[in-house]
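Student: Sequence isn't available, so here's the structure alone:
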């Protein structure tokens, strides 16, 4: 028979591992995000677009996905493509909402970007 202490340890292990995996997953994307951000800074827009889109497609961390949408929106705004920028900002907010993480800091930036016209 499993004691209540053993059950607590099992649950702790599951939650600890889940949190660790999420942190590792976010860390895995930090280098990719840095590369994409650098491409944006040096105005290599097509490369930045590809990198951000790859991050969106391959990340399961809502804040990472939302950040990539935010940066894509920023890029499109620089290219004078406000409608595409708005779509990216909305997609970023939606990804946070679906994950019940609408309170995340990046949501404030996405909301502000939408309010200022993309």
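Tutor: Thanks, I have it. This structure is a prediction, so every number in the text was calculated from the model and none was measured.

Student: which stretches of this protein have low pLDDT?
Tutor: Within the chain, the segments meeting pLDDT under 70 span 1-28, 118.

Student: Tell me how many other residues surround residue 43.
Tutor: Residues lying near residue 43 (other CB atoms under 10 Å) number 11. From N, CA and C alone the C-beta is placed, and that goes for glycine too.

Student: what about it, which SS state?
Tutor: Secondary structure, DSSP: H, G, I helix; E, B strand; the rest coil: residue 43 is coil.

Student: Name the helix or strand for the most centrally placed residue in the chain, please.
Tutor: In the chain, the residue lying closest to the centroid (CA atoms, centre = their mean) is residue 64, at 2.0 Å. When elements are assigned from DSSP states H and E, residue 64 belongs to helix 62-78.

Student: returning to what we had before: I figured the residue nearest to the centre of the chain was touching residue 36, is that so?
Tutor: No - in this structure, residue 64 is not within contact of residue 36 by CB atoms under 8 Å, at 11.2 Å.
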